[in-house]
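>>> sequence unknown, structure follows:
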């Protein structure tokens, strides 16, 4: 490949990555509706990576990870697929709070869990990031390729950033309007309260 | 300039923009300390744009915009500079909730307000974005160049995104740990509660 052609492809990729971040970031400024935002975000992520599936699991109060948004061959499973934290690769990511990248034969991993109704269970490649809000795991974002796929550094960065943005969207949607109205935001940064907020 | 050289420069720029977003996004995943995060963020933004000053104003409960973080020739003004919403270009941005870009003679703008102790008052170029949390203005982020400067589309995009990230960081720091602990995050997305959360 010529140098110019190579540069062109890399620039195209970088610009696509920037557009992805801009699109997701736009939700942060608004009075966010997670019901609309999350299906749009999993679609953006799947399109950016040409993945065959992108699944967002979120934690319920009974300690299970529930499939809440999917860009998938089988979107009907939303709300039905539930995983305990000690189950599957997804549970492992939530428990370990770490990125996981498996480039081939994800289904052969001893941590894997099969759901008979998820076509993704036969997929080769698996990339997954925890979703944290204030250091607390609230979900997992998975990206799957049907065929073996070596994940690039860009893809690992991207899924990490998107996981952070999803966490921020959840925080925004949980923030009470009154709390915001009566908070001295300047004092929050300048004052000594910051320390106690973080404890 | 040769085509390859031009592509190289554009790629370098795009990669710098991605690194900026990654650096800021990293704060979103943590138990964020705004006291540390905001000075780091204004430095990152000033470095990315080669601006002479980057100032973050946040709203106090008495309705004033208070200078809370600065990458500036005069950082001593933090906490002291206060603006009403009807004062200056900064007040205009907060009131109008819109991006403002002035490429030259910002000090001659009729909306301008002079502080005798801010060297930035003599600067030519001014780029400013509102900081919104759930559609509520909580601050303004300003970027200033000493000499005339035509702001690129990238710079306008960037300051908008950084404003959104700062808003998300504020939301995260305000979120009560108990609220998070006792929320069914899955239900927040799947259930009908979403609608009422947004009202």
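All right, it came through fine. None of the values given here were measured: they were computed from a predicted structure.

>>> tell me what residue A:136 is bridged to.
Judged by DSSP bridges, the bridge partners of residue A:136 are residue A:133.

>>> and it, how far from residue B:95?
36 Å (CB to CB, to the nearest Å). C-beta here means a position set from N, CA and C on the backbone, and glycine is covered the same way.

>>> so what's residue A:107 up against?
A:114, A:121-124 (CB atoms under 8 Å, 6 or more residues apart in numbering or on different chains).

>>> how about 7 Å then?
Residues counted as contacts of residue A:107 (CB atoms under 7 Å, 6 or more residues apart in numbering or on different chains) are A:121-122.

>>> any regions of chain A where pLDDT drops low?
For chain A, applying pLDDT under 70 flags the ranges A:75, A:115-117, A:192-199.

>>> off-centre distance for the helix or strand where residue A:188 lies?
In this assignment (DSSP states H and E), residue A:188 forms part of helix A:185-190. Centroid displacement of helix A:185-190 relative to its chain, using CA atoms, centre = their mean, to the nearest Å, is 30 Å.

>>> ok, residues contacting that helix?
Against helix A:185-190 from outside (CB under 7 Å, 6+ apart): A:193-194, B:34-35, B:38, B:58-60, B:66, B:68, B:79, B:138-139, B:170, B:173.

>>> how many neighbouring residues does residue A:27 have?
22 (other CB atoms under 10 Å in any protein chain shown).

>>> in the helix or strand containing it, what's buried?
Using DSSP H and E, residue A:27 falls within helix A:3-29. Neighbour counts over helix A:3-29 (16 or more other CB atoms under 10 Å in any protein chain shown) mark A:7-8, A:10-11, A:14, A:17-18, A:20-22, A:24-25, A:27-29 as buried.

>>> packing partners for it?
Judged by 3 or more CB pairs under 7 Å, 6 or more residues apart in numbering or on different chains; DSSP states H and E, helix A:3-29 is in contact with helix A:34-49, helix A:153-174, helix B:3-29, helix B:153-174.

>>> out of the ones you listed, nearest to residue A:181?
Closest approach to residue A:181 among these (CB to CB): helix B:153-174, 10.9 Å.

>>> columns distance to residue A:2 on top of the helices and strands packed on helix A:3-29, output as JSON lines?
Shown next, in JSON lines, are these (distance: least, CB to CB, whole Å):
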{"stretch": "helix A:34-49", "distance to residue A:2": "25"}
{"stretch": "helix A:153-174", "distance to residue A:2": "22"}
{"stretch": "helix B:3-29", "distance to residue A:2": "9"}
{"stretch": "helix B:153-174", "distance to residue A:2": "26"}
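
>>> out of those, which comes closest to residue A:128?
helix A:153-174 (7.5 Å).

>>> mind listing what's buried along the closest one?
A:154-155, A:157-174.

>>> ok now it, how far from the chain's centre?
Centroid separation between helix A:153-174 and its chain, computed with CA atoms, centre = their mean, is 6 Å.

>>> also stretch A:95-105?
On CA atoms, centre = their mean, the centre of stretch A:95-105 falls 13 Å from the chain's centre.
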